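>>> here are the coordinates; sequence isn't available:
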Ligand SMILES: N[C@@H](CCOP(=O)(O)O)C(=O)O
């Protein structure tokens, strides 16, 4: 598999090159030259195939021979070694629980896969250039969940330093502890700005000649193909379970609703579908950050400053991966509209949904899941013959300060949260200034 830059001004890259670079030199996102078609046997017999094998067969065409088969099998096995259950919530809505990994969010899948691939390339000595320190510096911007997952995935990985930028005061207290308490090779920069400022500073770093002469920088956001592509796995795991539920047993493919911020997750789902995974329709559920819902109405893509909401991991005003979605549909809006809708949900409606669903079913939604649930419910009201699932992208405990007062319930702390909740935060405060990021990187290399 080869990857081209969506800006079409950079040389074609291999999986290894695209992983190591993160973003193409012309600032474009890498995109696969072809969309591999999944062997029909995988879909037809999926309920008899292990998650490890599904993941291996899905990712293998994207990796090619750049990682040995037995090594790739080890990487995918370690990536998906926790449960990803599909849980029925009502007669026509199920929840794909993606929060059973180490940092309690869907980002664990991509972060674990990418950290292991990059670790392998570093060990092989292929991730350094002359004049640099021999270390790779992973830069990542987070609105909440990516930071913790990347910190956990890369913690103590030899030859890799991680620098996480997060918007001060705009992530939950559990998310902040996850990304600021590990120490060792993990450094947190608390930026006095928004997620978009953080993302912009990170992207600028990849194009700064002086920085790139002295440091080997890469990205662990979903702009990196090794973070983005493995997110396809759980759409296949969802389908494997879906066909065994009353909703899927007649062969009707699901509507899938994805709480969306940077749009890497839903973009991976659409890619899986285009490779052959049966899906009826995709819904991108957004909070008040409604750039994509607006685009679907007006066909005008107008990024705007992110606004803070209770589903903070989706507080993104300029989603990086929407360009990949347009590319998947060859920039054809009618085809896009047939398969993809986007709905914006307010904070008030999010809270009401959390309460209503808990009272009616006993199911605890986190604020992101509640946005997904409500958007799906609204869609199904207009499409009564359909049934679907939403992705429950994070554990409600990550947002206990929002969830507990709404439900009037206490959410028990899992061991992984108990272990960090009282640890001191270690972070460096900076302004949303590229020069300050650059100083930090050059001083701390
Ligand atoms: N929602 C994200 C924002 C970054 O998204 P990514 O998938 O590109 O890493 C977060 O939680 O940080």
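Looks like it came in fine. Being a predicted model, the structure only gives us computed values, none of them experimental.

>>> what's near enough to touch residue 231?
106, 109, 110, 222, 264, 265, 268, 269 (C-beta atoms under 8 Å, 6 or more residues apart in numbering). For glycine as for every other residue, the C-beta is placed from the backbone atoms N, C-alpha and C.

>>> once you drop chain neighbours, what's closest to it?
Leaving out its chain neighbours, the residue that sits closest to residue 231 by C-beta to C-beta, 6 or more residues apart in numbering is residue 268, at 3.6 Å.

>>> give the contact list for the one you found.
228, 229, 230, 231, 232, 235.

>>> if we go to 10 Å?
By C-beta atoms under 10 Å, 6 or more residues apart in numbering, the contact set of residue 268 is 109-110, 222, 227-235, 258, 321, 324.

>>> so which of the contacts of residue 231 reach the ligand?
222, 264 (C-beta under 6 Å from any ligand atom).

>>> any quick PyMOL command for the buried ones out of the contacts of residue 231?
Here is the PyMOL command that selects the buried residues among these (16 or more other C-beta atoms under 10 Å):
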select buried, resi 106+109+110+222+264+265+268+269
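
>>> which of the contacts of residue 231 fall in strands?
Counting by DSSP state E, the contacts of residue 231 place none of their members in strands.

>>> and which of the contacts of residue 231 is nearest to residue 82?
residue 109 (9.1 Å; C-beta to C-beta).

>>> OK, contacts around the closest one?
55, 76, 79-80, 82, 84, 98, 101, 149, 153, 227, 230-234, 237, 265, 268.

>>> now do 6 Å
Shown in contact with residue 109 (C-beta atoms under 6 Å, 6 or more residues apart in numbering): residue 230.

>>> what residues does the stretch 201-350 of the chain put near the ligand?
Close to the ligand, as judged by C-beta under 6 Å from any ligand atom, the stretch 201-350 of the chain has residues 221, 222, 261, 262, 264, 313, 316, 320.

>>> pull the most distant pair out of those.
313 and 320, at 14.1 Å, using C-beta to C-beta across those.

>>> settle it for me: which of the two has more neighbours?
Neighbour count, other C-beta atoms under 10 Å: between residue 313 and residue 320, residue 313 has more, with 30 against 23.

>>> tell me the pLDDT of that one.
Model confidence at residue 313, given as pLDDT, is 98.

>>> neighbours around the residue lying closest to it once chain neighbours are set aside, how many?
In space, and not counting its chain neighbours, residue 313 is closest to residue 144: 3.8 Å by C-beta to C-beta, 6+ apart. Counted with other C-beta under 10 Å, the neighbours of residue 144 add up to 29.

>>> quick thing: my sequence starts at 31, can you match it?
Renumbered: residue one is now 31, and that last one reads residue 174.

>>> correct me if wrong: residue 174 contacts residue 345.
No: if you go by C-beta atoms under 6 Å, residue 174 and residue 345 don't touch, sitting 8.1 Å apart.

>>> next, residue 171: phi, psi?
phi -100, psi 140 (degrees, to the nearest 10).

>>> that one and residue 129, how far apart?
21 Å (C-beta to C-beta, to the nearest Å).

>>> quick one, which of the two is more surrounded?
Comparing residue 171 with residue 129 by other C-beta under 10 Å, the one with more neighbours is residue 171, at 29 against 24.

>>> distance of that one from residue 52?
Residue 171 is 12 Å from residue 52, by C-beta to C-beta.

>>> ok, now residue 374?
30 Å.

>>> higher neighbour count, these two?
More crowded of residue 374 and residue 52, by other C-beta under 10 Å: residue 52, with 26 against 18.

>>> who are the contact partners of that one?
Taking C-beta under 6 Å, 6+ apart, one finds 248, 249, 254 in contact with residue 52.

>>> export the residues you listed as JSON lines, with columns for secondary structure and pLDDT.
Compiled in JSON lines, the contacts of residue 52 are given as follows (DSSP: H, G, I helix; E, B strand; the rest coil; pLDDT from 0 to 100):
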{"residue": "248", "secondary structure": "strand", "pLDDT": "94"}
{"residue": "249", "secondary structure": "strand", "pLDDT": "95"}
{"residue": "254", "secondary structure": "coil", "pLDDT": "98"}
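
>>> quick one: the closest residue to residue 309 other than its chain neighbours and the ligand, what's the gap?
In this structure, residue 309 finds its nearest non-sequential neighbour in residue 303, 4.4 Å apart by C-beta to C-beta, 6+ apart. Using C-beta to the nearest ligand atom, to the nearest Å, we find residue 303 at a distance of 19 Å from the ligand.

>>> for the ligand, what's the nearest residue on the stretch 331-475 of the chain?
Relative to the ligand, the nearest point of the stretch 331-475 of the chain is residue 343 (3.7 Å; C-beta to the nearest ligand atom).

>>> thought that residue was touching residue 171?
No: contact criterion C-beta under 6 Å: residue 343 and residue 171 do not qualify, at 12.0 Å.

>>> returning to that earlier point: can you pull the contacts of the residue nearest to residue 343?
201, 205, 342, 343.

>>> pull up the gap between the last one and residue 392, please.
Distance of residue 343 to residue 392, given as C-beta to C-beta: 25 Å.

>>> now residue 301: how far from the ligand?
Distance from residue 301 to the ligand, by C-beta to the nearest ligand atom: 14 Å.

>>> mind pulling up the pLDDT for that residue?
98.
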